[in-house]
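Q: Below is the sequence, then the predicted model.
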Amino acid sequence: MSFRNMITIEHLNKSFDKNKVLDDLSFELHGGKMTCLLGASGAGKTTLIRLMLGAIKPDSGRVVIDGTEMPNLLILGRIGFMPQDDALYNNLTAMENLRFYAGLHHISKDLFQQRAKTLLEMVGLTGDANRLVDKFSGGMRKRLSLAVVALNEPQIMMLDEPTVGIDPVLRRSIWQQFRQWCNEGKTLIISTHVMDEVDRCDYAVLLQEGRIRAYDSVDNLLAQTTNGKIEELFLRKEDAK
């Protein structure tokens, strides 16, 4: 079955302990494209992703994926989620972690071997496949988490700060993989606070203090700047206050 992977956000509001985290967000994420959620820590990026997943409920508004309101278990089965804090088992090796999650997704043994080899190569962990995760650095854990998310080939991937702690050379190859996934029709939503990563995406949502400061294609957003740097749009909004 073919999916459009369109995600519609309608008047989304969320507060925690009377603290407004998201304030009346409305926009549409394009299927088969890579969209960056860009903003400083505390801007609301992680909360927005959790709402899109249906992991928490909005105070008002809704998230709709391909015409179905979230949360929905069938839609959730098409989504791969990589949180900021990994969900790895320290007492297992990298390969054992992958094997465990493959079992949850009912991936056959032959298919698992093929995918695990490809994904470990992608994240630069082939030589560490049989090493306990407890011995991994933070960057290595991030890389293994990305492999876990991609294991069942989800149609929609929501990645929260996926490249933090990853060296520049490997980070470049991972972004190339992100682009390849989009070319295959997958929809990627990538949160980051790193301004230069937005240039690699198709669209960008600029979040500041829980509000959308700008949303458009990256080309259109950069065309609004005088220096070709996306942070200018944030500074311009600050000056307008």
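A: Cool, got the structure. Predicted, not measured: the structure shown is a model, and the values here were computed from it.
Q: shouldn't Leu146 be in contact with Gly124?
A: No. Using Cβ atoms under 8 Å, Leu146 is not in contact with Gly124, being 10.6 Å away. Any C-beta I mention is one placed from the backbone N, CA and C, and that applies to glycine too.
Q: And the two? Which one has more around it.
A: For Leu146 versus Gly124, the count of surrounding residues by other Cβ atoms under 10 Å is larger for Leu146: 25 against 17.
Q: dump the residue contacts of Lys18.
A: Neighbour list for Lys18: empty [criterion: Cβ atoms under 8 Å, 6 or more residues apart in numbering].
Q: Compute the distance between it and Lys117, please.
A: Taking Cβ to Cβ, to the nearest Å as the measure, Lys18 falls 50 Å from Lys117.
Q: can you check Phe81 too?
A: Distance check for Phe81 against Lys117: by Cβ to Cβ, it reads 23 Å.
Q: How about Tyr215?
A: Distance of Tyr215 to Lys117, computed by Cβ to Cβ: 38 Å.
Q: Looking at these two, which one has more neighbours?
A: Neighbours of Tyr215 and Lys117, each counted by other Cβ under 10 Å, are more numerous for Tyr215; the result is 19 against 13.
Q: Select the longest helix from this structure.
A: Ranked by number of residues, the top helix in the chain under DSSP state H is helix 168-183.
Q: which other residues reach that helix?
A: Surrounding helix 168-183, the residues in contact under the criterion Cβ under 8 Å, 6+ apart are 32-34, 122-124, 143, 146, 150, 157, 162-163, 166, 188, 190, 197, 200, 202.
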